[in-house]
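>>> Any chance you could fold what I've pasted below:
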Amino acid sequence: MVSRAVSNETRSRAEREPSVPAGKALSPKPEALRRESLTQHALRRYGVVLVWIALIIGFGIARPTTFLTPSNFAAMFGTQAALLILTLSLVITLSVGEMDLSVASVLGLSAVVTAVLNTQQGWPWPLAVAAGLACGPIVGAANAFFVVVFEINALIITLGMGTLVLGISTFISDSSAIGGVDPQLTSIMLFRVFTLPVSFWLAIIVMLVIWYVQQFTTLGRHMLFTGQNHTVARLAGIRVNLIRFGAYALGGLVAAIAGEVVLAIAGGIEASSTQNLLLPAFAAAFLGAAVIQPGRFNAWGAAVAVFFLITGITGLQLLGLDAWIQNAFYGAALVVAVTASKLMARSQRER
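Numbering: from 1, shown residues only. I've put the predicted structure just below:
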């Protein structure tokens, strides 16, 4: 009887008061959680893009007559083709968990070989370009031979290989700048399509090809799994060593393409001058890993990072800062990008 009375009282109280599931008052609504999650997700993917837009607005307000001009934007976008392609060569090796410090030297070797064959040996420029491009996968395969087959530290091997290749380039060029490359090569690369040179569109094509492979092919998925964990990927049946070997060879080829772009635009080459592209390329590659697909080295992120960095440098120089700001900006960007990449990876593991 008593239990029935308590039950009736409880039922009548429940009818008077709305039902609140346990823990409901202490947690936000699912819609709010989803909105918050989507906002955080968007900021993680496009935060750098938003900062890039803010930089453009800020520099535009500060220097409207010099920064916000078609010629300035054409210069910023049109002059970064070689750096973007070199960055993409790093994206290939970094995405499989490898490191290649020789890419700038490969760029120089490709350009020097083409220049020497064209100007001193009389080769037609298409054949000279083909020979220069062949240097890339050869050096990449040499890197892979020591890193993949003998399992030697990639930093040591690629640093040593880069120094060796630089020495070979200096020897081939007789320690001097080489000019007088066939003007037809230069005219093709500088020909403007929609106000931007062919070199820019070539870089975009390379970016789109790498993006497509990474995003929509089995090879791209295998590269992703290999980069995340070699051992797990191997247990899943992926030919990890072949993927790593191919990444070095393909990265070398892409770096060689960047060398041909540098040579065509400048009309000549000096072997050691290409070394100053290594730091910007690494800065853009790691910064790009925090854009579009956070935590992954990706082609679109690399492109955004390259143009974000050149926007900052150009704006600061227009504000009156000296040329030293370029190295300082690239160095700071690399430190911030690597730190952000590390924190992002840790956050994903904790989830």
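
>>> neighbours of the nearest residue to residue 132 once chain neighbours are set aside, just the number please.
Excluding its sequence neighbours, the residue lying closest to residue 132 (CB to CB, 6 or more residues apart in numbering) is residue 114, at 3.4 Å. (Glycine included, C-beta is placed from N, CA and C.) Neighbour count of residue 114, defined by other CB atoms under 10 Å: 30.

>>> element containing residue 114, please.
Here residue 114 sits within helix 103-119, counting by DSSP states H and E.

>>> name the helices or strands packed onto the next helix or strand after that helix?
On the C-terminal side of helix 103-119, the nearest following helix or strand under DSSP H and E is helix 125-144. Counting contacts by 3 or more CB pairs under 8 Å, 6 or more residues apart in numbering; DSSP states H and E, helix 125-144 is packed against helix 103-119, helix 154-172, helix 183-190, helix 240-266.

>>> longest helix of the chain?
In the chain, assigned by DSSP state H, the helix with the most residues is helix 30-62.

>>> Give me the contacts around the helix or strand just after that one.
Using DSSP H and E, the next helix or strand after helix 30-62 towards the C-terminus is helix 70-78. Residues outside helix 70-78 that contact it (CB atoms under 8 Å, 6 or more residues apart in numbering): 66, 195-197, 199-200, 307, 310-311, 314.

>>> go again using 10 Å as the cut-off
Residues from elsewhere that reach helix 70-78 (CB atoms under 10 Å, 6 or more residues apart in numbering): 56, 59, 63, 65-67, 69, 84, 190, 192, 194-201, 203-204, 265, 306-307, 310-311, 313-315, 318.

>>> and stretch 196-213, C-alpha only, in CSV?
Provided in CSV are the C-alpha atoms of stretch 196-213 (Å, rounded to 0.1, in the frame of the first residue of the first chain):
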residue,chain,number,x,y,z
LEU,A,196,49.8,35.5,-65.4
PRO,A,197,52.8,33.7,-66.9
VAL,A,198,52.8,30.1,-68.1
SER,A,199,55.2,29.2,-65.2
PHE,A,200,52.4,30.0,-62.8
TRP,A,201,49.9,27.7,-64.6
LEU,A,202,52.5,25.0,-64.8
ALA,A,203,52.8,25.1,-61.0
ILE,A,204,49.1,24.9,-60.7
ILE,A,205,48.9,21.9,-63.0
VAL,A,206,51.6,20.1,-60.9
MET,A,207,49.6,21.0,-57.8
LEU,A,208,46.4,19.6,-59.2
VAL,A,209,48.0,16.4,-60.3
ILE,A,210,49.5,15.8,-56.8
TRP,A,211,46.2,16.7,-55.2
TYR,A,212,44.3,14.3,-57.4
VAL,A,213,46.7,11.5,-56.7
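
>>> Give the buried residues for it.
Residues 197-204, 206-207, 210-211, 213 are the ones in stretch 196-213 that count as buried (16 or more other CB atoms under 10 Å).

>>> per-residue confidence averaged over it?
Stretch 196-213 shows a mean pLDDT of 97.

>>> So, low pLDDT: which residues of this protein?
Along the chain, segments meeting pLDDT under 70 span 1-37, 41, 341-342, 344-351.

>>> Residue 279: neighbour count?
By other CB under 10 Å, 16 other residues sit near residue 279.

>>> show me the contacts for it.
Neighbours of residue 279 in contact, by CB under 10 Å, 6+ apart: 104, 326-327, 330-331, 333-334.

>>> ok, so of those, who is nearest residue 225?
residue 334 (26.6 Å; CB to CB).

>>> Mind telling me what element that closest one is part of?
Assessed by DSSP H and E, residue 334 sits inside helix 324-350.

>>> One more: residue 227?
Assessed by DSSP H and E, residue 227 sits inside helix 218-228.

>>> Quick check: next helix or strand after that helix?
Downstream of helix 218-228, the first helix or strand assigned by DSSP H and E is helix 230-235.

>>> ok, and what's touching that next one?
So helix 230-235 is contacted by 96-98, 222-227, 229, 238-241, 243-244 (CB under 10 Å, 6+ apart).

>>> Got a PyMOL select line for the buried ones in those?
In PyMOL syntax, the buried subset of those is picked out as below (16+ other CB under 10 Å):
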select buried, resi 96+97+98+222+223+224+225+226+227+238+240+241+243+244
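
>>> now, among the contacts of helix 230-235, which is nearest to residue 164?
Distances from residue 164 to those, taken by CB to CB, are shortest for residue 98, at 18.4 Å.

>>> Which secondary structure state is assigned to that closest one?
Look at residue 98: counting by DSSP: H, G, I helix; E, B strand; the rest coil, its state is coil.

>>> Distance of the nearest residue to it once chain neighbours are set aside relative to residue 40?
Once flanking residues are discounted, residue 98 sits nearest to residue 154: 5.5 Å by CB to CB, 6+ apart. Distance, residue 154 to residue 40, using CB to CB, to the nearest Å: 34 Å.

>>> Between the two, which has more neighbouring residues?
Remark: of residue 154 and residue 40, residue 154 carries more neighbours, 21 against 10, as counted by other CB under 10 Å.
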